[in-house]
Every structure is written in structure tokens, then in C-alpha cells.
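Trainee: Sharing a model prediction with you, sequence too.
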Amino acid sequence: RRLGRRCCPLTLEPFRDPVILLGDGHTYERARITEWLATHTVSPLTGEELGDPDSRRLLPNHAVRKMVAEILPRDSILSPRSSETPTEP
């Protein structure tokens, strides 16, 4: 599959706004990980406790955003079900 690791592990959709969760080092879609952190105190992938406020910080992942943009046209990335029908640039 062309998108590979360019999809959020929680939504399985191509990233639109990828961020790194400092507590586990993994990249997630900002909206989805923000929802997760509102009700959980552990990493969704590793199960590690994220008790320290710094471990819950999110940093933009510009490299992943660029990789997705190179594969999918901007309109495709912004459409709701873009991973089901990716278009060629």
C-alpha cells in the first residue's frame, strides 16, 4: 500500500495534522490523540503511563505531513474518506 506509515494508527486514515506524542514518540492525528488524552492517562500504542505533563505534549510532525502531501493531492488529504480512494498526482 502506498500510504504505509503515513496513516494514523488510531484512525487508519492518512494524516492531515500529524503530531508526535512526546511520551511515546509515536505520531498520531492531532484531533484523535487529543480526544484520547482527554480520557486516558496511557499511550494508546505502548500502554505506557503518561503522568508527567511533558509526556502528554504534542509536537507537529512536519516530515510526515510533507510525505503525505507528496503522495496525495491537498484536496484528497482534506476530504473525509481520502484513504479509500487515493488519487494519483
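Mentor: Yep, it's here. Residues are numbered from 1 along each chain as shown.
Trainee: Can you name the residues that contact the nearest residue to residue 54 once chain neighbours are set aside?
Mentor: The shortest distance from residue 54 to any non-neighbouring residue, by C-beta to C-beta, 6 or more residues apart in numbering, is to residue 22 (6.2 Å). Using the backbone N, CA and C atoms, a C-beta is placed for each residue, glycine as well. By C-beta atoms under 8 Å, 6 or more residues apart in numbering, the contact set of residue 22 is 54, 55, 56, 57, 58, 59.
Trainee: separation between the last one and residue 65?
Mentor: Distance check for residue 59 against residue 65: by C-beta to C-beta, to the nearest Å, it reads 12 Å.
Trainee: residue ranges for the strands of this structure, please.
Mentor: Per DSSP state E, the chain carries strands over the ranges 18-21, 27-29, 58-60.
Trainee: among those strands, which is nearest residue 42?
Mentor: Nearest to residue 42 among those is strand 18-21 (11.0 Å), distances taken as C-beta to C-beta.
Trainee: got a list of contacts for the closest one?
Mentor: 8, 26-30, 33, 37, 43, 50, 55-61, 64-65, 68.
Trainee: and these, which are buried?
Mentor: Among the contacts of strand 18-21, the ones that count as buried by 16 or more other C-beta atoms under 10 Å are 8, 26-30, 33, 37, 43, 50, 56, 58, 61, 64-65, 68.
Trainee: Next, the contact list for residue 52, please.
Mentor: Residue 52 touches residue 23, counting by C-beta under 8 Å, 6+ apart.
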